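>>> Predicted model follows, preceded by the sequence.
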Amino acid sequence: MQGVEDLLMREIAGINLHLPAIRPALSELLRSDEPRVRLRNGSYHHFRRSELEYLASLLEEDEADRLKVPIVLEISTLHRGYFRVRGRVEVKVIEKVLGTYDPLDERDEGLYPRYLLPRIRRALPTTTTYAFVPE
């Protein structure tokens, strides 16, 4: 059975080649003349400046240093029908986009129904990405 598990892990790694090698801070991207990130497959992903500025408008000034972009929307085998977002600032952004942010209930991780994915991707097409996570 170990061979099947190894094969599955290699397949998932291949599916996730579109993920960035390093996720820079929003503040770093806003200072860049050409906001982009290098992907695991060697290509580059470019961010819309207007979208980066929109993200900054959702945050306190010091939070732009802590928000890693793109925000990763994790599709997990454990939580069918849901996706997960990790990181206090990342969760805050997603909840503000969804209109569900509560400053008295800030969390480091959020679990959301998958039917909300199109709404998030419409609002943040270049600053969010999917990751497939086996659990």
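All right, it came through fine. Numbering: from 1, shown residues only.
>>> Okay, strands next: where are they in the chain?
36-38, 44-46, 71-76, 82-86, 109-113, 128-133 (DSSP state E).
>>> so how far is residue 77 from the residue nearest to residue 78 when sequence neighbours are not counted?
If the residues on either side of it in the chain are set aside, residue 78 comes closest to residue 135, at 3.8 Å by Cβ to Cβ, 6 or more residues apart in numbering. All C-beta spots, glycine's among them, are computed from the backbone N, C-alpha and C. The spacing between residue 135 and residue 77, counted by Cβ to Cβ, to the nearest Å, is 5 Å.
>>> okay, the two: which has more neighbours?
Higher neighbour count among residue 135 and residue 77: residue 77, with 11 against 8, using other Cβ atoms under 10 Å.
>>> so who does the more buried one touch?
133, 134, 135 (Cβ atoms under 8 Å, 6 or more residues apart in numbering).
>>> so how far is residue 113 from it?
16 Å.
>>> same deal with residue 87?
Counting by Cβ to Cβ, the separation of residue 87 from residue 113 is 19 Å.
>>> Which one of these two is surrounded by more residues?
Neighbour totals were compared for residue 87 and residue 113, and residue 87 leads with 19 against 10 (other Cβ under 10 Å).
>>> so how far is residue 110 from that one?
9 Å.
>>> what do you get for residue 58?
15 Å.
>>> Ignoring the adjacent residues along the chain, who's closest to residue 95?
Nearest one to residue 95, counting by Cβ to Cβ, 6+ apart, is residue 101 at 3.9 Å.
>>> now the protein, which segments are flagged as low pLDDT?
Where the chain drops to pLDDT under 70, the residues are 1-2, 4, 8-9, 11-13.
>>> coming back round to it: tabulate the contacts of residue 77 (TSV), appending distance to residue 46.
Formatted as TSV, these follow (distance: Cβ to Cβ, whole Å):
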residue	distance to residue 46
133	25
134	29
135	31
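>>> Report the contact partners of residue 123.
residue 97 are the contacts of residue 123 under Cβ under 8 Å, 6+ apart.
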